[in-house]
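K.L.:
just a sequence and a predicted model for now, questions to come.
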Amino acid sequence: MIQAPARIVLYMPSLNGGGAERSMINLARGFIERGMEVDLVVSSDEGDYRHEVPAQVRLVSLGVRRVAAVLPHLARHIRRRKPQFVMSRMYRSNLVALAAARLSGHRCSSFVIVDNTTSIEMAAVSANLRNTIKNHLDVALMRRLYPDATGIVCVSHGAADDLAKLCRIARQNIDVIYNPIEFDKIQAMAAQCVDHPWIVDEVSLVVAAGRLSAQKDYPTLLKAMAHVKERGRLVRLLILGQGEHQRRLEELISQFELSDRVALLGFIPNPFPYMKRADLFVLSSAWEGLGNVLIEAMALGTPVVSTNCPFGPSEIMRDGEFGHLVTVGDHRGLGEAIIETLDAPPDAERLIERAQSFDAPRILEQYVALLERMSHA
């Protein structure tokens, strides 16, 4: 058993609104409920999820923005607080946390969580020579530092296979633990009222949620909506999220004459009422680590359609058992899947039952078992 009161330091860059950040906060809350002392350390405490950090969690802002500048500050915090465990997520943050734990001189168990398909994520940012060099350096550092971690966790089996190949780590040395969702909290938050005219009318409503970035491939979704329009179907789409591609998406909405059918709502702190009231939730990503939003939508009984991207959606949806999986970038296939699902939605109770397997208490038990197993290895 873990000695009580155990102290754990969780590190991530910020509290910005993303699936990884929400999952880390869910873990922090779960560890608190298990009687652990939790320090949530961030480079900067600015972000959309700041208000969601539980009051019992010690939130520590290092007050630095550059990843490299975090190292001495995080090492100093670990040295002062003397945690039994250090856990981090996102690949550059993982490198910093592993180095900081070593630099601190304090003996503790270090765990890294890999939230994305690392090789694809890196390739997506290699737009210039500088980024390519940084990626090569990151891979070299991962190959050097990751084997020193007490435990490595990936959020899907596909992401684990990718990491093992990229970093030359034996696959059996990587654990897979899916991201937790707070099932009861999602249900409660979904009951809140939302004020949007498309919510209340009888036109079929599709919702998508996630950062407006290359990863989420919203251009394919907009082309799919144009295809749905060509097929003579009146369907509307709300996209929840913000990001660097907003202007491009606005241009595509105008180009495809979808202004009366597609709306960009920006970042929505509580997306669940929109998911609950939607007739369909769509994930159009080019790649994922898992795809938390699919689980969240299913938890509300909302039908889902997703690209069969690497990796995560096929594991959540059991190779199409719980919804259509279409080829990445296939806008016609995505449009047809939208129409077919709206015409014949799956049983909501089956979706909810599947989502419950990702409920936070179940996932937390897996993390606690991992900490116990590795701390006694």
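P.N.:
Now that the structure is in, tell me what you want to look at.

K.L.:
separation between the residue in the chain sticking out farthest from the centre and residue 279?
P.N.:
Relative to the centre of the chain, the most outlying C-alpha is that of residue 232, 34.5 Å out, by CA atoms, centre = their mean. The spacing between residue 232 and residue 279, counted by CB to CB, to the nearest Å, is 17 Å. Using the backbone N, CA and C atoms, a C-beta is placed for each residue, glycine as well.

K.L.:
do residue 151 as well
P.N.:
Here the distance between residue 151 and residue 279 works out to 41 Å (CB to CB).

K.L.:
these two: which has the busier surroundings?
P.N.:
When neighbours are counted by other CB atoms under 10 Å, residue 151 comes out ahead of the other of residue 151 and residue 279, with 22 against 17.

K.L.:
the more buried one bridge partners, please.
P.N.:
Taking DSSP bridges as the rule, residue 151 bridges to residue 111.

K.L.:
quick one: the helices in the stretch 201-350 of the chain?
P.N.:
Counting by DSSP state H, counting those that start in this stretch, residue ranges of the helices within the stretch 201-350 of the chain are 218-230, 246-255, 272-277, 292-299, 313-316, 331-343, 348-355.

K.L.:
just those helices: most buried one?
P.N.:
helix 292-299 (a mean of 28; mean count of other CB atoms under 10 Å).

K.L.:
tell me the mean pLDDT for it?
P.N.:
Helix 292-299 shows a mean pLDDT of 97.

K.L.:
now tell me what touches it from outside.
P.N.:
By CB atoms under 8 Å, 6 or more residues apart in numbering, the surrounding residues in contact with helix 292-299 are 19, 22-23, 179, 181, 183, 186-187, 207, 209-210, 271-272, 275, 278, 281, 283, 304, 306, 312-313, 316-317, 322, 351-352, 354-356, 358.

K.L.:
drop anything exposed from these.
P.N.:
Buried positions within the contacts of helix 292-299, assessed by neighbour count (16 or more other CB atoms under 10 Å), are 19, 22-23, 179, 181, 183, 186, 207, 209-210, 271-272, 275, 278, 281, 283, 304, 306, 312-313, 316-317, 322, 351-352, 354-355, 358.

K.L.:
and the residue lying closest to residue 352 once chain neighbours are set aside, what does it touch?
P.N.:
Closest residue to residue 352 in three dimensions, ignoring its sequence neighbours and counting by CB to CB, 6 or more residues apart in numbering: residue 301, at 5.2 Å. Remark: with contacts taken as CB under 8 Å, 6+ apart, residue 301 is in contact with 276, 348-349, 351-352.

K.L.:
against residue 65, how distant is residue 301?
P.N.:
Noted for residue 301: a distance of 41 Å to residue 65, by CB to CB.

K.L.:
same check on residue 49?
P.N.:
Looking at residue 49 against residue 65, where the rule is CB to CB, the gap reads 17 Å.

K.L.:
so between these two, which is more surrounded?
P.N.:
Between residue 49 and residue 65, counted using other CB under 10 Å, the more crowded position is residue 49 (16 against 12).

K.L.:
and the gap between the more buried one and residue 226?
P.N.:
In this structure, residue 49 and residue 226 are separated by 34 Å, where distance is defined by CB to CB.

K.L.:
phi first, then psi, for the closest residue to residue 360 other than its chain neighbours.
P.N.:
Among residues not flanking residue 360 along the chain, residue 180 sits closest, at 3.9 Å (CB to CB, 6+ apart). The phi and psi values for residue 180, taken as degrees, to the nearest 10, are phi -80, psi 150.

K.L.:
what sits against residue 180?
P.N.:
With contacts defined as CB under 8 Å, 6+ apart, the neighbours of residue 180 are 23, 26-27, 30, 358-360, 362-364.

K.L.:
please identify which helix or strand holds residue 47.
P.N.:
Secondary-structure assignment from DSSP states H and E places residue 47 in no helical or strand segment.

K.L.:
burial count for it?
P.N.:
Other residues near residue 47 come to 18 when the count uses other CB under 10 Å.

K.L.:
same check on residue 189?
P.N.:
The burial metric for residue 189, expressed as a neighbour count using other CB under 10 Å, is 18.

K.L.:
so it sits in a helix?
P.N.:
Yes: residue assignment for residue 189, taken from DSSP: H, G, I helix; E, B strand; the rest coil, places it within a helix.
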